[in-house]
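In: turn this into a structure:
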Amino acid sequence: MAWIGWKVLDTGQYKIPLQKLSNDEIAVIDEVCKEFSDTVKDEIIENGTAAKELVSKLLIQNLNRNGIKAEEDQLRYLADAAYLATYAFGPITYLLEDDNLEEIAVIGLDNPIFVFHREKGWLDTNVMFTEREALIDIINKMSRGIGRRITLQNPRLNAVLPDGSRLHATIEPVSDLELTIRKFKKSPLTIRELIRTGYSYDLLAFLWTVFQNDKNVIICGNTAAGKTTTLNALFSFVPANERIILLEETPEIMIPHKHQIKMKTNPQLGIEMKDLIEDSLRMRPDRVIIGEVRSKEEILAMIESMNAGQARGCYATMHAHSAKELVSRLRYNEVMPSDFNAIDLVIVQRRFLKFNGGGKVQETRKVVEVCELVESRGGIVIKHLFLYDPKKDTVVRTPAKSRIIEEIAFANGVDESKIYEEIARRSNYLKNIITKSRDIQQDIVSYSSGK
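Out: Sure, this is the predicted structure:
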């Protein structure tokens, strides 16, 4: 196979820092890559630094053997190219290192690699794959950690990379050849960043109060709306000393709590999300987080967990464009109207296109609904507590009376007005620390403990 299976282009909105190579340089790199493969054979070099050193050594030996002189800069980019082709993941290596990217997409050969930038949206790059076997080799190197390969007998592959990114790939006969990688921020979203997603100080103070009490919350939205990253940030409101059980298909949740147990599904072993939810009932958690609820079995297991009252709160994310769509989906999957009482709060976050001042459209993520679901005469009434106001570009409180506030007030033996006063104090407190504090999480803990 050709080791250098990609080509650097003159065009591209996103520039991958790769040097264009001449045919002679490609020939040298191919020889070095073969020598590298023969040297390591079936051994796995776990250390990237060791791999770079070996590649550089083999490159210099090859050049000397063939009487080729190379400048220092040329030695560097030839060694980099050989390293990317052998040990690393080719040009995708650079893309995985950029925390501003959310998605990496390869759509067959001889097409530019595309990336989704957090601020600029979809961009084409200056690199394309040209060799089928080279791309398949990179896909299989990425999935090596789970012991799986993409082949003609297994043309679909889903894997989790060491950094937590999700990989999906298909080949013939499912597709011509495609690779999609969903990346996640290395550092979790913060309360400060939620303000840019339309969360008002009033809403954050309300959620702070909810998350500190025994309430079950579902965050829903469309694909890539930021449901999980928002849940990560909102867990800053949960006391740091609590025991948290995380149930996920793909590890995405990053919370600051030290006492946390992460459990993953494993379809190959027949371990599904409903099995993990049932296991959590025996683990004495303070909180249970379900990373993504999809199937009927998972939905019913989630409702069972919420109804069981076995933790101070159960939290889940689901795909639904609105609260109305969420209700329809739950009813379709045989959730009884009486069971909706187990869901204390629904947060809807959406990813959509919005016109900016220049007449162009820009993708944005906003919280659009915060509501309670109330059973009424065999049906479900959606009671909106906060709604997105496009003109103000934030959510605003509605006049609706909140069942949650009523329950919190009753549990604490005070009037509802006292809870609203506390929410107002927390709102002002957040306004003050959001621009000044270096450690918002610690400040929230200090406020909650009365320090």
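In: report the longest strand in this protein, please.
Out: strand 361-376 (DSSP state E).
In: mind listing what's buried along it?
Out: Neighbour-count burial for strand 361-376, counted by 16 or more other CB atoms under 10 Å, picks out 365, 366, 367, 368, 369, 370, 371, 372, 373. (Glycine included, C-beta is placed from N, CA and C.)
In: can you tell me, leaving aside adjacent residues, what's nearest to the fifth one?
Out: Using CB to CB, 6 or more residues apart in numbering and skipping the chain neighbours, the partner closest in space to residue 369 is residue 348 (3.9 Å).
In: I'd say that neighbour and residue 322 touch.
Out: Yes: shown here, residue 348 and residue 322 form a contact pair, counting by CB atoms under 8 Å, at 5.9 Å.
In: check the contact lists of the two and give me the overlap.
Out: 368, 369 (CB atoms under 8 Å, 6 or more residues apart in numbering).
In: show me this structure divided up by domain.
Out: Domain ranges of the chain: 6-182, 191-448, per automatic domain parsing.
In: picking that back up, and residue 348 and residue 322? Which one has more around it.
Out: A direct count of neighbours by other CB atoms under 10 Å for residue 348 and residue 322 places residue 348 higher, at 28 against 18.
In: tell me how far stretch 174-194 lies from the chain's centre.
Out: In terms of CA atoms, centre = their mean, to the nearest Å, the centre of stretch 174-194 is found 5 Å from the chain centre.
In: got the buried residues for it?
Out: So stretch 174-194, judged by 16+ other CB under 10 Å, has buried residues 177, 178, 179, 181, 182, 183, 184, 185, 188, 189, 191, 194.
In: likewise stretch 12-26?
Out: For stretch 12-26, using 16+ other CB under 10 Å, the buried residues are 12, 14, 16, 18, 21, 25, 26.
In: count the neighbours of the residue nearest to residue 274 when sequence neighbours are not counted for me.
Out: Ranked by CB to CB, 6+ apart and with sequence neighbours excluded, the top spatial neighbour of residue 274 is residue 301, at 4.0 Å. Using other CB under 10 Å as the criterion, residue 301 is surrounded by 23 other residues.
In: show me what whatever helix or strand residue 301 lives in is packed against.
Out: Using DSSP states H and E, residue 301 falls within helix 296-308. Secondary-structure packing of helix 296-308 (3 or more CB pairs under 8 Å, 6 or more residues apart in numbering; DSSP states H and E): helix 273-280, strand 287-293, strand 313-319, helix 323-332.
In: now with 10 Å, please.
Out: Counting contacts by 3 or more CB pairs under 10 Å, 6 or more residues apart in numbering; DSSP states H and E, helix 296-308 packs against strand 217-221, strand 244-248, helix 273-280, strand 287-293, strand 313-319, helix 323-332.
In: from residue 301, how far off is residue 322?
Out: Note on residue 322: its distance to residue 301, by CB to CB, to the nearest Å, is 24 Å.
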